[in-house]
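In: Got a sequence here, can you model it:
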Amino acid sequence: MQSPNVEAENKQLDLVDEEEALFGEAQSWGKLVWRRFRRHKLAMVGLYILLFLIAVSVAAPIIAPYDPAEINMDLVVGGRPQGPSLAHPFGTDALGRDYLSRAIYGGRVSLSVGIVAVGISLAIGVIVGSIAGYFGGIVDSIICRTIDILMCIPTFFLILTANVYLKPSVFNIMVVIGIFGWMGCARLVRGQFLSLREREFVEAARALGLKNSRIIFGHLLPNTLAPLVVVATMGIGGAILTESGLSYLGMGVQEPASSWGSMLRSSQPYLTTAPWLAFFPGLLILITVLALNFVGDGLRDAIDPQLK
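Out: This is a model prediction of the structure:
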């Protein structure tokens, strides 16, 4: 929590930013948001962590010290995985596979699932929310009641049920999490559209005879992008946790592929004899989700300082 002096200073800086924007001295809205974002120290820490994790995941084939699927039973003594060492900083698993390499490749899967699933959720949520908010009436009522019903059912239960009938794979996990995660986004977009559709610029667009699709995607949707960015950032963390939960239950990523959730599942029999098998993937999930939440908080405060 920021001290009163820091909060007062930030408010003064926000007023300066707003005045500069009014008088045309701020170069762009994006740069104004970036200036505010940089003053949020935890958000910057979270951003650096995310950039590091993404860079490591992308460069996995180059920086991973071993093949993550290479089995070496010589490293398993008495049925016990080898602990952390210079040769294997994260130790090895029950099959003698290097745990650091599996964590690096697992990050590729976990981060990919989070990003793609949120992309699918945003696509569905934006379309549904735009239709409900713009047209209103019976269309809005039907969509809202449908969303209310779906939100009464625990999302994880829906995902778990759908996964029972699908072959476990990374692609199916992405799609299922995305399909059942759009409701919150749709409600957000609907609310934004309801507040914007009677504005002067929308009335002017209608008077010019523009098509509804052009008004929605060309005029209304760009004005909802700011809160959508915040929702997307927070949603990636939620999707990563959901994938981890599915993999932990054995319904997610399957061997020989790895994700942080599947690594947690395989560590269950060794919680007392080889605790590092659960510690490292759990720590990576914790750090990633915290970093995403920090970035989301920073974006929210930067986009709308009045929400602080």
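
In: could you pull out the strands for this protein?
Out: Taking DSSP state E as the criterion, the chain contains no strands.

In: Can you pull up the most central residue in it?
Out: I236 (0.9 Å; Cα atoms, centre = their mean).

In: how near is the nearest residue to that one once chain neighbours are set aside to P168?
Out: Among residues not flanking I236 along the chain, G114 sits closest, at 4.1 Å (Cβ to Cβ, 6 or more residues apart in numbering). From N, CA and C alone the C-beta is placed, and that goes for glycine too. To P168, G114 is 17 Å away according to Cβ to Cβ, to the nearest Å.

In: How about A60?
Out: In terms of Cβ to Cβ, A60 sits 22 Å off from P168.

In: Also W260?
Out: W260 is 16 Å from P168, by Cβ to Cβ.

In: Could you list the low-pLDDT ranges of the stretch 1-150 of the chain?
Out: 1-27, 29 (pLDDT under 70).

In: longest helix of this protein?
Out: helix 99-135 (DSSP state H).

In: Could you tell me how far that one lies from the centre of the chain?
Out: Chain-centre distance of helix 99-135: 7 Å, with Cα atoms, centre = their mean, to the nearest Å.

In: now swap in stretch 53-60 and tell me
Out: That offset, for stretch 53-60, works out to 16 Å (Cα atoms, centre = their mean).

In: Give me the buried positions along that stretch.
Out: For stretch 53-60, the buried set under the neighbour-count rule, 16 or more other Cβ atoms under 10 Å, comprises L53, V56, S57, A60.

In: Show me what it is in contact with.
Out: Contacts of stretch 53-60 with the rest of the structure, by Cβ atoms under 8 Å, 6 or more residues apart in numbering, involve I63, I104, Y105, G107, R108, L111, L284, I287, T288, A291.

In: what do you get for stretch 184-198?
Out: So stretch 184-198 is in contact with 121-122, 124-126, 128-130, 132-134, 136, 140, 143-144, 147, 151, 202, 216, 220, 223-224, 227-228, 231, 235, going by Cβ under 8 Å, 6+ apart.

In: What are the buried residues along that stretch?
Out: Here stretch 184-198 shows G184, C185, A186, R187, L188, V189, R190, Q192, F193, L196, R197 as buried, counting by 16+ other Cβ under 10 Å.

In: Among the buried residues of stretch 53-60, which one sits closest to I240?
Out: L53 (10.8 Å; Cβ to Cβ).

In: Quick check: the closest one vs F193, distance?
Out: 35 Å.

In: How about G46?
Out: 30 Å.

In: what number of residues lie near K211?
Out: 10 (other Cβ atoms under 10 Å).

In: pLDDT score assigned to it?
Out: With respect to pLDDT, K211 has a value of 85.

In: coming back round to it: more crowded one of G114 and P168?
Out: G114 (24 against 15).

In: Surely that one touches A239?
Out: Yes: the pair G114 / A239 is scored as a contact, 4.2 Å apart, by Cβ atoms under 8 Å.

In: Look up phi and psi at the residue of the chain most remote from its centre.
Out: Most distant from the centre of the chain: G78, at 40.6 Å, with distances by Cα atoms, centre = their mean. With angles defined as degrees, to the nearest 10, G78 sits at phi 60, psi 30.

In: Next one: it relative to T273, how far apart?
Out: Distance from G78 to T273, by Cβ to Cβ: 10 Å.

In: try F193
Out: Taken as Cβ to Cβ, the span from F193 to T273 is 56 Å.

In: Quick check: end-to-end length of stretch 53-71?
Out: 25 Å (Cα to Cα, to the nearest Å).

In: Considering the buried residues of stretch 184-198, which is situated nearest to S247?
Out: Closest approach to S247 among the buried residues of stretch 184-198 (Cβ to Cβ): G184, at 23.1 Å.
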